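Asker: A structural model of the following input is requested.
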Amino acid sequence: MSQTLIARTKKELARLVDTTRWSISGLRVGWMEEKSLRQWTAVNVLNVIACLLLGLEPLAMALLVALGGLVLITELLNTAIETCVDYISTEKHPLAKKAKDVASGAVFASALLWALVWIILLVG
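Answerer: Here you go, the predicted model:
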C-alpha cells in the first residue's frame, strides 16, 4: 500500500470515529432532555413485546419494528428543528410556530402510519 492510501485510510477512520461519537452524543442528549423520546422508546419496547406475544410473522414484525424506529427518528429530527428555532429566537413568530408544528406533525404522521399498519395486521 502506498503511504498516501494509508494516510487517507487513517483520516477516514478518524472521521468515522468522530462521526460516531457525535451521533452517540446526539442520542444521549435526546434521551436525557426529551421526555417524548423516552416515551416513544417505551412504546417501541411494548411494540416488540406485543409482536413476540402475538407470534407475528418475521416480515410483519420487521415492518412494525422499522416503523417504530421511524417514529424515534422523526422525534429526533423534531427535537433538532425545535432546538434550532429556539436558538434563532425566543420570540413568538408565525414561521417559528409553523416550523415546530410541521416537525411535530411529522412525528404524528409516522405514529399514525405505525398504528395503521398494526390495525391492518390485526384485522387482516
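Asker: so where is the protein shaky, pLDDT-wise?
Answerer: 1 (pLDDT under 70).
Asker: how does it look with 90?
Answerer: 1-10, 90, 124 (pLDDT under 90).
Asker: Give me the most central residue, it.
Answerer: The C-alpha lying nearest the average C-alpha coordinate of the chain belongs to residue 73 (CA atoms, centre = their mean; 1.3 Å).
Asker: The helix or strand hosting that one - contacts with which helices or strands?
Answerer: Assessed by DSSP states H and E, residue 73 sits inside helix 58-88. Packing partners of helix 58-88 (3 or more CB pairs under 8 Å, 6 or more residues apart in numbering; DSSP states H and E): helix 3-33, helix 35-54, helix 94-123. Heads up, the C-betas are built off the backbone N, CA and C, glycines and all.
Asker: repeat that with 6 Å
Answerer: Contact partners of helix 58-88 among helices and strands, from 3 or more CB pairs under 6 Å, 6 or more residues apart in numbering; DSSP states H and E: helix 35-54, helix 94-123.
Asker: Redo these as a markdown table? Include distance to residue 17 and mean neighbour count.
Answerer: Shown next, in a markdown table, are the helices and strands packed on helix 58-88 (distance: least, CB to CB, whole Å; neighbours: other CB atoms under 10 Å):
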| stretch | distance to residue 17 | mean neighbour count |
| --- | --- | --- |
| helix 35-54 | 25 | 14 |
| helix 94-123 | 30 | 14 |
